[in-house]
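[1] I would like the atomic coordinates for the input below:
(chains A, B, C and D)
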Number of protein chains: 2
Amino acid sequence: MKRTLLIFASLIAAILILFQLGQYSFIKGDLKIETLISIIAIVFFLVGAYINRQYRVKRVSISEPGEIDHHRIAELHISKREYEVLKWMAEGLSNKEIGEKLFVSESTVKTHVSSLLQKLNSRRRTQAIQRAKQEKIL
Amino acid sequence: MKRTLLIFASLIAAILILFQLGQYSFIKGDLKIETLISIIAIVFFLVGAYINRQYRVKRVSISEPGEIDHHRIAELHISKREYEVLKWMAEGLSNKEIGEKLFVSESTVKTHVSSLLQKLNSRRRTQAIQRAKQEKIL
DNA sequence: ATTGAAATGGTACTAAAGTATGAGTGTGCT
DNA sequence: AGCACACTCATACTTTAGTACCATTTCAAT
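    Numbers count the residues shown, from 1 in each chain, chains lettered A, B, ... in the order given. This is a model prediction of the structure:
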């Protein structure tokens, strides 16, 4: 926002200078009015494009799919191990497969999944995954 | 691309008209040169901003998680009904719940899910959802 | 040292999910 | 008319998923 104002300020200054210069040259006959207008048109066009690009960069970086909210994970009281299970769950692995990945029994995985379902207020793992993505946890 | 060309074409036309008009008025003394320049500056600024926005929309739509590859859906031979089931599945609904949403029996949903699993080369619904997202189907 | 949370895992059970098979209905295409 | 396909549904069965309880161990904080 401050940046935009700054750009506008220098922009206005540029116009004034250009105008003064143009008027002066115009009187002297060095510069044709078409040339002046063309320059101004190009400058403003570029400025318009540039300012918009700034916005785009910001907006994209905000709305990106990535970025995990680690703070939210803590808020939901999800432990490290539970989170690992959650990640594999989202990859589509079965409890048994997750157990093999983490070198624990299927029972343990079930325990983790159960507490995850409670913490994510879900009844099925698919629902838990959905919620996790809504919460920017995955 | 065609659109950009079109915009440029009408832009150039607009400049010419404006210029003619400006020159005419300038000679008559109706229009000050400052006013003319201001109008041109504003117009070009807006056009610059607008064109850039067009680009943004396109670029965002390509890199964004959204945008469904309908062509790929067809390639995988996924029918309309199956796709509806897939969408609700990804929302975390159970087969019974999906049946209620689509006004069909749980049996029917199971049939659709089974064929979806085959078409998406998966063994579990969670895996199918994952694949679907990889394929830009969801 | 005691407390509490995290991690592990076992048993037993219920509830979903998923497979296999068959079958009726409707619809678009040739 | 006839064919292929999508959609529907049912039954029977197997496999996972999920719940409920309980128990042990580890480890950090009080």
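
[2] what about stretch A:130-138, start to end distance?
    9 Å (C-alpha to C-alpha, to the nearest Å).

[3] With stretch A:86-96 instead?
    End-to-end for stretch A:86-96, by C-alpha to C-alpha: 14 Å.

[4] interface residues of chain A facing DNA strand C?
    A:77, A:79-82, A:99, A:102, A:104-105, A:107-108, A:110-112, A:124, A:126 (C-beta under 7 Å from any atom of the strand). C-betas here are computed from N, CA, C, even on glycine.

[5] can you narrow these to ones near chain B?
    A:Arg124, A:Thr126 (C-beta under 8 Å from any C-beta of the partner chain).

[6] of the residues of chain A next to DNA strand C, buried ones?
    Buried subset of those (neighbour count, 16 or more other C-beta atoms under 10 Å in any protein chain shown): A:Glu82, A:Gly99, A:Thr108, A:His112, A:Thr126.

[7] for the second one, what are its contacts?
    Think A:Gly99. Applying C-beta atoms under 8 Å, 6 or more residues apart in numbering or on different chains, one finds that A:Gly99 lies in contact with A:Ser105, A:Glu106, A:Thr108, A:Val109.

[8] for the buried ones among the residues of chain A next to DNA strand C, which one is nearest DNA strand D?
    Using C-beta to the nearest atom of the strand, A:Thr126 is the member of those that sits closest to DNA strand D, with 6.9 Å.

[9] contacting residues for that closest one?
    Per C-beta under 8 Å, 6+ apart, neighbours of A:Thr126: B:Met89, B:Ala90, B:Glu91, B:Gly92, B:Leu93, B:Arg125, B:Thr126, B:Ile129.

[10] what does A:Ala128 give?
    A:Leu86, A:Met89, A:Leu116, A:Leu117, A:Leu120, A:Ser122, B:Gly92.

[11] Leaving out the residues flanking it, which one is nearest to it?
    A:Ser122 (4.1 Å; C-beta to C-beta, 6 or more residues apart in numbering or on different chains).

[12] do stretch A:70-79 and DNA strand D meet?
    No - Stretch A:70-79 is not in contact with DNA strand D by C-beta under 7 Å from any atom of the strand; minimum separation 11.8 Å.

[13] List of residues touching that stretch?
    A:Tyr83, A:Leu86, A:Leu116, A:Lys119, A:Leu120, A:Glu135, A:Lys136, A:Ile137.

[14] quick one: average pLDDT of stretch A:77-95?
    For stretch A:77-95, mean pLDDT is 97.

[15] Can you give me the end-to-end span of that stretch?
    So stretch A:77-95: terminal residues 21 Å apart, C-alpha to C-alpha.

[16] Give the buried residues for that stretch.
    A:78, A:82-83, A:85-90, A:92-95.

[17] mind putting the residues you listed in TSV, secondary structure included?
    Below are the buried residues of stretch A:77-95 laid out as TSV (DSSP: H, G, I helix; E, B strand; the rest coil):
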residue	secondary structure
A:Ile78	coil
A:Glu82	helix
A:Tyr83	helix
A:Val85	helix
A:Leu86	helix
A:Lys87	helix
A:Trp88	helix
A:Met89	helix
A:Ala90	helix
A:Gly92	coil
A:Leu93	coil
A:Ser94	coil
A:Asn95	helix
